[in-house]
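> requesting a structural model of the entry that follows:
(2 chains, ligands or ions: 2)
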Amino acid sequence: MPIRETFWNIPQWAETAQYVLGFITAVVFVYGIVRRVMRWRQGQPDKRFDHIGARLRTLFTQAILQLRVASEAYAGVMHLAIFWGIIALLIGTALATLDWDVTHLFFGFQFLKDGFYIGYELTLDIFGLLLMIGLGMAIYRRFILRPKRLQNPWPTLTRDDAYVLGMLTLIAITGYLVEGLRIAVTQPSWANWSPVGNAIAALFIATGDPTNRILHLSLWSFHILIAFTLLASLPFTKLFHIAAVPTNIFFHSLTPAGTLSAPRSADSVGVKAWKEFTWKQILDFESCTRCGRCQDVCPAYASTQILSPRNMMIKLETHIWEKANGRQLHSDVITADELWGCTTCRACSEVCPAFIDHLSSFVDMRRYLVAEGQVDAQLQKALANLGRYGNSFGQSERMRAKWTQPITSKIKDARREAVEYLWFVGDYASYSPTLTEITSKTAQVFQKAGLDFGILYDGERNAGNDVRRVGEEGLFETLVEKNVSVLGKCSYKKIVTTDPHSYNTVKNEYPRSETSEVLHYTELLDQLIASGQLKFNKRLGYKVTYHDPCYLGRYNGVYDAPRRVIEATGCELVEMPRHGDRAFCCGAGGGRIWMKEAEVKERPSEARVREAVSLDGVNTLVTACPKDITMFRDAVKTTGNEERLAVKDLIELVYAAL
Amino acid sequence: MNIVVLAKLVPDLVEELTIDANGNALDSSFARLIINEFDDHAIEQGILLKERGGGSVTIIAPDAEGADDVLFTAAAKGADRLIKIKGDFSNVNNHALARAFAKVVSGIKPDLVLTGVQAHNDLDGALGPLLAELLEMPYIGYVSAVSINGDKVLIKKEYPGGLLAEMDVQLPAILGIQAAEEPPRYVAVSKVRQAMKTSSIEEQDASNLDPCGGSAIGRMFQPEASSHATMITGSPDEVAEKLVGVFKELGIV
Ligand code: SF4
Ligand code: SF4
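Ligands and ions are numbered 1, 2, ... in the order given. Model (predicted):
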């Protein structure tokens, strides 16, 4: 009768030693975990216990099913194989313990017998194989393929990586050997149900007893020893991600991605030393598995290599464990260049399987730099202009609506008369001389659709989205106050914006009372087309591709509306390899457009233009953000693609198709 | 070291300037004021000196729209004392302004007075030398570096054509700052707000604003658009030929 004979060939002393070892392991393990948690608790408070239901749901989909991990083929298969392999083997071990040390010991019966036992053996055998495959893939990638994103800034990390992979592999191999030897000696009739174990057994049958028994005992002891060692070392190695990542997923921010949290100190000075981070931000650093997915999608890394979100996390993690040695968070650990390099495109957080919120800590550190006046001359000028004139162009607010002058039918002043749509035009669309033509087309399309709309004329100020992300919270507050006080005096139903950046902050960060419904103009056009209010006379028939602006797509999930509008104009849309939530940032966001450009081989905007040019038959790059237009039109020139690619705002297509 | 910095506000050239009905002054109702850029450098230099060698920095500004902002911003950078001179300073000349400053400054007994070397509205001369005369102190202008050395200051002065001189001058003295050693720093809005809460502006009256000694403005007018330049194009021979034609036309040859 098939039955599990746990501790076959294991003398009493070895069994006892195992329990002693288990106890020591538990003590070390608990100590390690407590030590980590104590570190987190040195951070600042942050309330993350709301919406338990939603948190548990994400925990299930992302920590158990690991959907985001699975979104990459190789890494996904690899990680899921290792994960499920280990989980199954752990469950198997737990069942065996239950079977032997509880039901057998106290109640005198075993449930690991007969058909159930056979199924158990088969399942574990298969999952063991799965684990081996996963580990093989990991070893092949890490030590043979050696992709850039897995390269470590210092060697201790590489040793950590190797340790974990090595130990897991040893455990898996010795596990199989122990099984094989047991089968070789006992030769049970159900051995075929352990295909791998049985195959190994075949190698040993010839060796015979007592060699096999001795071998079995030694390998079993070794297996137990490394298994416990690995378990005890879990809180001290990268394996700790097994605990940290689910915790981080559970506590991840549930507020919209576009809502940045305000500084915690009243004087907005941001984070100067690591203990000023919140416990959740510290948990972020601790959760990083160094997988490098963020680095792969980071435009700042791609263009300058100064900033890698992965290395930022690694450095911060290491820093919080440093003994007091005088190293300062700013400059010694994280440099200003790294912080200013970030375009706040959110590509990193979008792909991070650990759900790390990179930007919350980056902006907190930027806030400190701003408070210290450590901004480059160009940014300083832009901020001074924004403070003084409410726009980064350093022009008088009286010039803000100058673009309306050529338009024959006057646009309503929303401050004077009630309108249905209040159009928040934004700085670039208002002031940039190269964009006013597009802005005026937007106005004309609105007029042709018979929209009841108005603008704020010289009452509008920069919405402050990027001011906030630069870390100048005080200025952001001032801009919000000014805009809100003007909006408060207007009568309107909805706000529509040109700029996805304004859209983001007005929608997600402005006081609710003034911003009941906020639409991006692409969403409004989509609605107007759907309702039949906007009709096209022409089908353009261009073959175009579309660039998702970060603050429209990743930040606010508006992917479909602009695509539907493009199709409605009779254009054929061909997607770039990186589109939707993987769209590659143009490099202008987060205040980068105001800063001095770093020396680069290839700007993000140039890489993006090349990506568009490489599409077969596509001659138009469409986007829906004034900053994108500025960046891409420039990049088309610098890459010498003026003949091949036209950069158009979505509204230009709509205008042409009317 | 008792350092005094004078800061005045000038019309912001971002706005289109208009001339008032009398035709001899700017229409101040349309003008927006901004700190004189050189004075901003003078403030920075004052703060740098304090950071390096200690002492206190007093900022004095004539009353005008935006003067409080200028003063609080300086406080956020590290100025210790803020003084606003009350009076009607719209359209006063630098002679009157210098007298008003002199009265307040002499009450403070400074070791060093810093002012911007010039301003775009210095129609009757720069402020520094006028003040030096009134306070009977030595004056050096176009200064781009200052270090204090006992009872003297060692300065770098810029001359046209890239010439640089180093000289020292006995304190107390007045310096016209061309550029601070570091560009004026950025102060975060939150810091300015904090300064508004923690520092206060003293007000002193400018008894009478005596403009005498300054030049009187007869008429102010917008620059008249000059006729456009003609570009001569073509091969060198053609250009030469056309040029000779032009000369002949003008009666030069
Ligand atoms: S937000 Fe974008 S630029 Fe910034 S670190 Fe992440 S991926 Fe890089
Ligand atoms: S931050 Fe996230 S994506 Fe980047 S290396 Fe760490 S775990 Fe991977």
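> hey, which helix or strand in chain B has the poorest pLDDT?
In chain B, no helix or strand scores lower on mean pLDDT, DSSP states H and E than helix B:236-250, which sits at a mean of 90.
> contacts made by that one with the rest, please.
Outside helix B:236-250, the residues that touch it by Cβ atoms under 8 Å, 6 or more residues apart in numbering or on different chains are B:232-234, B:253. C-betas here are computed from N, CA, C, even on glycine.
> same thing but at 7 Å, please
Outside of helix B:236-250, the residues within contact range by Cβ atoms under 7 Å, 6 or more residues apart in numbering or on different chains are B:232, B:234, B:253.
> may I have the phi/psi pair for the residue in the stretch 501-650 of chain A positioned nearest to chain B?
Residue nearest to chain B within the stretch 501-650 of chain A: residue A:594 (12.3 Å; Cβ to the nearest Cβ). Listed backbone geometry of residue A:594 is phi -90, psi -10, with angles given as degrees, to the nearest 10.
> check the burial of it by counting its neighbours.
Here the count is done by other Cβ atoms under 10 Å in any protein chain shown, and residue A:594 has 21 residues near it.
> so who does it touch?
Taking Cβ under 7 Å, 6+ apart, we find residue A:594 in contact with A:378-379, A:382, A:392.
> can you give me the helices in the stretch 551-658 of chain A?
Counting by DSSP state H, counting those that start in this stretch, the segments of the stretch 551-658 of chain A that form helices are A:560-568, A:604-613, A:626-638, A:650-657.
> in a markdown table, list those along with mean neighbour count and distance to residue B:93.
Below are those laid out as a markdown table (neighbours: other Cβ atoms under 10 Å in any protein chain shown; distance: least, Cβ to Cβ, whole Å):
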| stretch | mean neighbour count | distance to residue B:93 |
| --- | --- | --- |
| helix A:560-568 | 20 | 59 |
| helix A:604-613 | 23 | 51 |
| helix A:626-638 | 22 | 45 |
| helix A:650-657 | 21 | 53 |
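> save those helices as TSV, and put in distance to residue A:71 and mean pLDDT too.
Shown next, in TSV, are the helices of the stretch 551-658 of chain A (distance: least, Cβ to Cβ, whole Å; pLDDT from 0 to 100):
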stretch	distance to residue A:71	mean pLDDT
helix A:560-568	19	97
helix A:604-613	20	96
helix A:626-638	25	96
helix A:650-657	28	97
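> make a markdown table out of the ones you listed and add distance to chain B.
Listed next are the helices of the stretch 551-658 of chain A as a markdown table, based on distance: least, Cβ to the nearest Cβ, whole Å:
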| stretch | distance to chain B |
| --- | --- |
| helix A:560-568 | 35 |
| helix A:604-613 | 26 |
| helix A:626-638 | 22 |
| helix A:650-657 | 29 |
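> will you turn these into a markdown table that also has distance to ligand 1?
As requested, the helices of the stretch 551-658 of chain A are exported to a markdown table (distance: least, Cβ to the nearest ligand atom, whole Å):
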| stretch | distance to ligand 1 |
| --- | --- |
| helix A:560-568 | 21 |
| helix A:604-613 | 8 |
| helix A:626-638 | 14 |
| helix A:650-657 | 23 |
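> leaving out sequence neighbours, find the closest residue to residue A:8.
In space, not counting the residues next to it along the chain, residue A:8 is nearest to residue A:182; the distance is 5.8 Å by Cβ to Cβ, 6 or more residues apart in numbering or on different chains.
> which ones are touching the nearest residue to residue B:132 once chain neighbours are set aside?
Distance criterion Cβ to Cβ, 6+ apart; nearest residue to residue B:132, sequence neighbours excluded, is residue B:139 at 3.5 Å. For residue B:139, the contacting residues are B:128-129, B:132, B:174, B:176, by Cβ under 7 Å, 6+ apart.
> now do 8 Å
Residues counted as contacts of residue B:139 (Cβ under 8 Å, 6+ apart) are B:128-129, B:131-132, B:173-176.
> how far does the lowest-mean-pLDDT helix or strand in chain A sit from its chain's centre?
Least confident helix or strand, chain A: helix A:105-107 with a mean of 89, by mean pLDDT, DSSP H and E. A distance of 49 Å separates the C-alpha centroid of helix A:105-107 from that of its chain, computed with Cα atoms, centre = their mean, to the nearest Å.
> just stretch A:400-409 next, same as before
42 Å.
> and stretch A:521-537, by the same measure?
With Cα atoms, centre = their mean as the basis, the distance from the averaged C-alpha position of stretch A:521-537 to the chain average is 33 Å.
> stretch B:25-40 too?
Mean-position distance between stretch B:25-40 and its chain equals 11 Å (Cα atoms, centre = their mean).
> repeat that for stretch A:387-406.
Put simply, stretch A:387-406 sits 36 Å off its chain's centre (Cα atoms, centre = their mean).
> what residues sit buried inside it?
Neighbour counts using 16 or more other Cβ atoms under 10 Å in any protein chain shown place A:387-393, A:395-397, A:399-401, A:403-404 of stretch A:387-406 among the buried residues.
> list the contacts of residue 181.
Let's take chain A. Listed by Cβ under 8 Å, 6+ apart, the contact set of residue A:181 reads A:200-201, A:204, A:212-213, A:215-216, A:219.
> ah, I was thinking of chain B
When contacts are taken as Cβ under 8 Å, 6+ apart, residue B:181 is in contact with B:45, B:48, B:144-146.
> need the max-distance pair from those.
Of all pairs drawn from the contacts of residue B:181, the one with the largest separation by Cβ to Cβ is B:48 and B:144; the distance is 12.1 Å.
> so for the two, which sits in the more crowded spot?
Neighbours per residue, other Cβ under 10 Å: of residue B:48 and residue B:144, the larger number sits with residue B:48, 20 against 17.
> just give the nearest non-adjacent residue to the more buried one, would you?
On the basis of Cβ to Cβ, 6+ apart, the spatially nearest residue to residue B:48 that is not a chain neighbour turns out to be residue B:181, at 5.9 Å.
> can you confirm that neighbour is in a helix?
No - Residue B:181: not assigned to a helix; according to DSSP: H, G, I helix; E, B strand; the rest coil it is coil.
> for residue B:87, see how far away it is.
Going from residue B:181 to residue B:87 by Cβ to Cβ, to the nearest Å gives 33 Å.
> same check on residue B:243?
Applying Cβ to Cβ, the value for residue B:243 to residue B:87 is 58 Å.
> those two: which is more packed in?
More crowded of residue B:243 and residue B:87, by other Cβ under 10 Å: residue B:87, with 19 against 11.
> list the contacts for the more buried one?
By Cβ under 8 Å, 6+ apart, residue B:87 lies in contact with B:62-63, B:100, B:205-206, B:209.
> strands - which of those land there?
Among these, DSSP state E puts B:62, B:205 in strands.
> now, of the contacts of residue B:87, which are buried?
Taking 16+ other Cβ under 10 Å as the criterion, what is buried in the contacts of residue B:87 is B:62-63, B:100, B:206, B:209.
> need those residues in JSON lines (columns: pLDDT and distance to residue B:3).
Conversion of the buried ones among the contacts of residue B:87 to JSON lines gives the following (pLDDT from 0 to 100; distance: Cβ to Cβ, whole Å):
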{"residue": "B:62", "pLDDT": "96", "distance to residue B:3": "19"}
{"residue": "B:63", "pLDDT": "94", "distance to residue B:3": "22"}
{"residue": "B:100", "pLDDT": "94", "distance to residue B:3": "19"}
{"residue": "B:206", "pLDDT": "85", "distance to residue B:3": "22"}
{"residue": "B:209", "pLDDT": "86", "distance to residue B:3": "25"}
